[in-house]
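Colleague: model the following, please.
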Amino acid sequence: MKSLLLFWHTVLKELGTWCRVSTSKDWKTVLTRFVNEGDEFLTITLPTFARDFETSLELGEVGPDLFPGFRKKGKTPILFGRFMDLVFDRDTGRLNEVEHEELSRVVDAVFAIRQLTLMFAKIEKQCTPLREQAAIDSYFACEQELVRFENSIVEDILEGNPEWGNNLSSFRNISKRLFGEIFTQMDGEVYYNEVGSTRYQYGIRLPKHGPGTTADGLLGNEKYDQVEWTRRLEENGFPYGEYAIPNWRYYYLLDRVKFLEPGEERPVKVVLVPKTQKTPRVIAVEPTCMQYAQQALAGGFVEYLEDPKYGLLDMIGFTDQGPNQAMAMMGSLDGSLATLDLSEASDRVSNRLVEEMFEQWPNLNQAIQSCRSLTADVFGQEITLSKFASMGSALCFPVEAMVFLTVVWHGICTATGRSMNTALVKEYGNRVRVYGDDIIVPVEFATSVVESLELFGFKVNSRKSFWTGMFRESCGGDYYAGEDVSITRLRREFPTQRADVQEVISTVSLRNQFYANGLWKSAKHLDQIVEDTIKYFPTVWPDSSIVGRHTVLWYEIHRMSEALHSPQVKGYVVDSSIPKSKISGEGALLKCLAKKGLQPFEDARHLERQGRPESVRLKLRWKQPF
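Modeller: Residues are numbered from 1 along each chain as shown. Model (predicted):
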């Protein structure tokens, strides 16, 4: 981590120059704490400083309970004190009142503090066993909370308490208003079992396999010869003969299939993947047959919900984060919009809510429930799931977004005292947006929406939700007073040899991002690290396939191609090795018939090699610099 610390020092000095402040004391403090506390000071402690800083921007002042572990002078921390003085008054702790022409220095200081404190927050480093166990314990605790939540609903209804009955009735009515036409369309397709039929605009029930691993260990092309299927899928809209073999001429393949009863089904496999050094990400690896069926429905949800015909494009998104970022910028400028963030969002979507949402569309509801895994294997302990699905299910993202949007409108209806109708949607719909767990709502309804989210079992992350100050963040876009203060994050440690291919690629990407953001001295520091690792590192334009330094000026030319009569440079290109993956004749036919669209497969060898790359290399080539 020493090389990372030296780079951090370079960034500190350059940002000090930007803001015209001295940084020598900041460097001494950070160096001392790094020696005493180790790399966790950069990856965990400094990010907590950033969260307290953002909370202070939201509150308009530095609260006495913020920045624990950092000495203060007056009301504000000594660390980054010169930067902080541009934003907060040291004596009162309140935001400085500045004229419009001075606002740019405040924006630069906000960017500088966030860049310096969050730069290493998401570096891919192994968590300690203690932190990994804490993540597993949190998964169990979340499941227990969902069980209590669902039990409380049942108890209230049985005891004649009308409150939860009214809330669930409102939830159903709002979701019907929002998605009823789409659900009816999809329900009809499930009923008629028309796989990829032109009767429906998208052929939404054409299944597909993902590139990743599965709970039953099938990889690549092996998935097209799956021999395991559940009885629930077979009886609720996904018969094996319609989905897992090319056509009924190959009925003899049914003899190889093991149809699993509900009690025999393979559980999802809960695993930990790197996220930050503070905590890993918990995901669930689905069985092959479940993931295959989920993809069939997920594709339909995404395309229908993003179709302008149904009028939901302004309120929900899956493929374009731009609208969320634009709305976050507007909210930071005029204070009209709030950005909300949820903790453990996917794991807190109760299956009870999903069943309530689809209750009036029994065919679609049965199809969704049939491709939902009932149990999970959590490191050797099998549990029954109350959540709809964890991250890893293809239906997790679209279904949770619909649930969140419904609850958001429940909060708006509660605040306005009006029932859900077309007039209400027209009045506020262009100020509501949901992308995963990133939620944007009109600021006047923020409190009511938060209350509704918590009422339905969700946990709002108050440290990452903003509606009273001038700071907003959504979908990777961070804004203060209408200005972009998004930062550049380091994902991997620096390379020490050419064999560190992923680290080389990551460092080059980091260098180019710093260059694009105008931090040219920091980019030059990274140039030296890359040049010490690989021999050829030419200057190219961003569209070049060469692993090189991007520029807004002119690219290097090493020679003119005799064949193409165009300039070329010598440099490294990324070459990935797709693993060999066998497939039977029947599986190959199924793969080709199940492909959506008329375009051929990108890789002509897809029947011989399939899956995620098993290795990545750098190969020296002559390529165009643009």
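
Colleague: in the stretch 51-200 of the chain, which spans are helices?
Modeller: 81-87, 103-118, 129-158, 162-192 (DSSP state H, counting those that start in this stretch).

Colleague: got a list of contacts for the first one?
Modeller: In this case it means helix 81-87. Under the criterion CB atoms under 8 Å, 6 or more residues apart in numbering, residues 15-16, 19, 21-23, 25-26, 57, 73, 76-77, 90, 95-96, 105-106, 108-110, 112-113 lie in contact with helix 81-87. Placement of C-beta: from N, CA and C, glycine included.

Colleague: for this structure, longest strand please?
Modeller: strand 567-577 (DSSP state E).

Colleague: any buried residues in that strand, and which?
Modeller: 568-569, 571-574 (16 or more other CB atoms under 10 Å).

Colleague: return the members of the contacts of helix 81-87 classed as buried.
Modeller: Neighbour-count burial (16+ other CB under 10 Å) applied to the contacts of helix 81-87 gives 15-16, 19, 21, 23, 26, 57, 76-77, 90, 95, 105-106, 108-110, 112-113.

Colleague: turn the buried residues of strand 567-577 into JSON lines, including pLDDT.
Modeller: Below are those laid out as JSON lines (pLDDT from 0 to 100):
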{"residue": "568", "pLDDT": "95"}
{"residue": "569", "pLDDT": "96"}
{"residue": "571", "pLDDT": "96"}
{"residue": "572", "pLDDT": "96"}
{"residue": "573", "pLDDT": "96"}
{"residue": "574", "pLDDT": "94"}
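
Colleague: could you identify the most distant pair in those residues?
Modeller: Largest separation among the buried residues of strand 567-577 by CB to CB: 568 and 574, giving 17.6 Å.

Colleague: I figured residue 328 hits residue 339, correct?
Modeller: Yes. Contact status for residue 328 versus residue 339: in contact at 5.4 Å, counting by CB atoms under 8 Å.

Colleague: so what sits against both of these two?
Modeller: Shared contacts of residue 328 and residue 339, defined by CB under 8 Å, 6+ apart, comprise 440, 472-474.

Colleague: quick one: which of those residues sit in helices?
Modeller: For the shared contacts of residue 328 and residue 339, not one is inside helices, with DSSP state H as the criterion.

Colleague: next, give me the two most distant ones among those residues.
Modeller: The farthest-apart pair in the shared contacts of residue 328 and residue 339, when distances are taken by CB to CB, is 440 and 473, at 10.6 Å.

Colleague: neighbour count winner among those two?
Modeller: Legend: neighbour count by other CB atoms under 10 Å for residue 440 and residue 473, higher for residue 440 (28 against 24).

Colleague: ok, and the closest non-adjacent residue to the more buried one?
Modeller: Of all residues not flanking residue 440 in the chain, residue 433 sits nearest, at 4.3 Å (CB to CB, 6 or more residues apart in numbering).

Colleague: check residue 533 too.
Modeller: Per CB to CB, 6+ apart, closest to residue 533 is residue 495, 4.7 Å.

Colleague: how is the one you found assigned, secondary-structure-wise?
Modeller: State at residue 495, reduced to three classes by DSSP: H, G, I helix; E, B strand; the rest coil: coil.

Colleague: then residue 499?
Modeller: Following three-state DSSP, we place residue 499 in the coil state.

Colleague: pLDDT wise, what is the spatially most central residue of the chain at?
Modeller: Central residue of the chain (CA atoms, centre = their mean): residue 436, 7.4 Å from the mean position. Looking at residue 436, its pLDDT reads 89.

Colleague: what does residue 158 give?
Modeller: Listed pLDDT for residue 158 reads 69.

Colleague: ok, residue 290 next?
Modeller: Predicted confidence (pLDDT) for residue 290: 96.

Colleague: other SSEs contacting the helix or strand it falls within?
Modeller: Per DSSP states H and E: residue 290 is located in helix 288-305. Judged by 3 or more CB pairs under 8 Å, 6 or more residues apart in numbering; DSSP states H and E, the packing partners of helix 288-305 are helix 162-192, strand 228-230, helix 231-235, helix 240-243, helix 362-370, helix 396-416.

Colleague: got the angle for it vs helix 162-192?
Modeller: Between helix 288-305 and helix 162-192, the angle comes out at 100 degrees (axes from the mean of the first three to the mean of the last three CA atoms, to 10 degrees).

Colleague: I'd like the next helix or strand past helix 288-305.
Modeller: Toward the C-terminal end, the helix or strand that comes next after helix 288-305 (DSSP H and E) is helix 322-334.

Colleague: buried sites along that next one?
Modeller: 323-333.

Colleague: again, but for stretch 229-237
Modeller: Going by neighbour count (16+ other CB under 10 Å), the buried part of stretch 229-237 is 229-230, 232-234, 236-237.

Colleague: now, among the residues you listed, which is nearest to residue 281?
Modeller: residue 230 (27.0 Å).

Colleague: partners of the closest one in the sheet?
Modeller: residue 260 (DSSP bridges).

Colleague: residues in contact with it?
Modeller: Counting by CB under 8 Å, 6+ apart, residue 230 makes contact with 259-260, 262, 265, 289-290, 370.

Colleague: same check on residue 588?
Modeller: Residue 588 neighbours (CB under 8 Å, 6+ apart): 221, 224, 607.

Colleague: so can I have JSON lines of those residues showing neighbour count?
Modeller: Formatted as JSON lines, the contacts of residue 588 follow (neighbours: other CB atoms under 10 Å):
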{"residue": "221", "neighbour count": "23"}
{"residue": "224", "neighbour count": "26"}
{"residue": "607", "neighbour count": "18"}
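
Colleague: what is the nearest of these to residue 207?
Modeller: Distances from residue 207 to these, taken by CB to CB, are shortest for residue 224, at 10.7 Å.

Colleague: just checking, the closest one is part of a helix?
Modeller: Yes. Applying three-state DSSP, one finds residue 224 inside a helix.

Colleague: please determine how far it is located from residue 292.
Modeller: 9 Å (CB to CB, to the nearest Å).
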